[in-house]
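A.B. asks: The following block contains a protein sequence and its predicted model.
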Amino acid sequence: MAKLTKNMKEALSKFDTSKEYSLGEAAKIVKDVTYTKFDSSVDIAVKLGVDPRKANQMVRGTVALPNGVGKDVRVLVLCTPDKEAEAKEAGADHVGLDEFIEKIKGGWTDIDVIITMPSVMGKVGALGKVLGPRGLMPNPKSGTVTMEIGKAVTEVKAGKIDFKVDKYGIVHTTVGRASFEADKLVENATELIQTIMKLKPSAAKGTYVKSVTLSSTMSPGVKVEPKSLTV
């Protein structure tokens with residue numbers, strides 16, 4: 001096992017790693033044990049009782065976090081010229097089409113979200129090898145392939161995120177920053193978990209939410225009592 005750093009040892013001494021805490025307690029602990037000099041992101045990992053290899057057990061969706069994610073989300077809009085003004089007015093960081101497709105083909109991915117429209121998905125689809133592994137591929141289900149370009153940009157900038165279960169059955173996403181007050185982290189995490197609950201596939205049997213862990217970029221994970229989440 002890797003040797004623990006002094007900071008990590010100190011962090012681990014501040015709470016019981018075998019215990020499950022309420023979401024509010026876990027948020028306070030993560031804030032207390034985060035020792036980075038930068039404002040780290042606070043992440044949640046929700047282990048679900050689903051088999052994501054089966055199409056009828058795939059869990060994916062979008063959620064508008066009430067307090068945002070605490071960082072400026074960089075948005076690229078790939079659209080036809082008639083939609084460019086709408087995208088710019090809504091606050092998109094980059095707007096265009098062919099020139100950005102060429103840049104991405106060359107390996108440029110200095111963005112967090114790509115929003116596009118159905119008529120140009122043929123061109124965008126060709127970027128799958130670059131965008132797919134980075135989770136940047138636009139998708140109608142997450143609202144990033146739409147004719148309502150301005151609305152989509154506004155929502156993403158305000159804290160709308162999309163999530164999906166990975167091959168291990170875990171939804172892993174950011175719910176804020178370490179500088180957030182604990183109750184704001186709790187509000188964001190609760191909103192996400194309630195959304196995941198609503199998306200429970202009818203084919204999923206047994207316990208749906210198996211475990212929940214809250215952590216920051218460099219902190220140890222704090223276990224959350226799943227029963228405390230069924231609000």
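C.D. replies: Thanks, I have it.

A.B. asks: what helix or strand does Lys31 sit in?
C.D. replies: helix 23-33 (DSSP states H and E).

A.B. asks: and the very next helix or strand once past that helix, what does it pack onto?
C.D. replies: Later in the chain than helix 23-33, the nearest helix or strand by DSSP H and E is strand 41-48. For strand 41-48, the elements it packs on are strand 170-177, helix 182-198, strand 209-216, judged by 3 or more C-beta pairs under 8 Å, 6 or more residues apart in numbering; DSSP states H and E. Every C-beta, even on glycine, is put in place using the N, C-alpha and C of the backbone.

A.B. asks: Recalculate using a threshold of 10 Å.
C.D. replies: helix 23-33, strand 170-177, helix 182-198, strand 209-216, strand 222-224 (3 or more C-beta pairs under 10 Å, 6 or more residues apart in numbering; DSSP states H and E).

A.B. asks: Let's have those in TSV, adding distance to Glu148.
C.D. replies: Output for the helices and strands packed on strand 41-48, formatted as TSV (distance: least, C-beta to C-beta, whole Å):
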stretch	distance to Glu148
helix 23-33	33
strand 170-177	24
helix 182-198	21
strand 209-216	32
strand 222-224	35
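
A.B. asks: do you know which of the ones you listed lies nearest Pro52?
C.D. replies: strand 170-177 (9.1 Å; C-beta to C-beta).

A.B. asks: quick check: angle from the helix holding Lys31 to helix 182-198?
C.D. replies: Interaxial angle of helix 23-33 relative to helix 182-198 (axes from the mean of the first three to the mean of the last three C-alpha atoms, to 10 degrees): 130 degrees.

A.B. asks: Pull out the buried positions in helix 23-33.
C.D. replies: Across helix 23-33, burial judged by 16 or more other C-beta atoms under 10 Å covers 23-31, 33.

A.B. asks: what pLDDT does Ile196 get?
C.D. replies: pLDDT for Ile196: 95.

A.B. asks: Any idea how far the helix holding Lys31 is from the middle of the chain?
C.D. replies: 19 Å (C-alpha atoms, centre = their mean, to the nearest Å).

A.B. asks: I'd like to know which elements that helix is packed against.
C.D. replies: Checking 3+ C-beta pairs under 10 Å, 6+ apart, helix 23-33 ends up next to helix 6-12, strand 41-48, strand 170-177, helix 182-198, strand 209-216, strand 222-224.

A.B. asks: What average pLDDT does it get?
C.D. replies: Mean pLDDT, helix 23-33: 93.

A.B. asks: Identify the bridge partners of His61.
C.D. replies: Quick fix: residue 61 reads Gly, not His. Gly61 has these beta-bridge partners by DSSP bridges: Phe163.

A.B. asks: Can you list the low-confidence ranges for this protein?
C.D. replies: 1-3, 230-231 (pLDDT under 70).

A.B. asks: which residues touch the residue nearest the centre of the chain?
C.D. replies: By C-alpha atoms, centre = their mean, the chain has its centre lying nearest to Thr173, at 3.6 Å. Thr173 is in contact with 41, 43-46, 63, 65, 69, 161-164, 188-189, 192, 196, counting by C-beta atoms under 10 Å, 6 or more residues apart in numbering.

A.B. asks: what about it, distance to Lys164?
C.D. replies: 9 Å (C-beta to C-beta, to the nearest Å).
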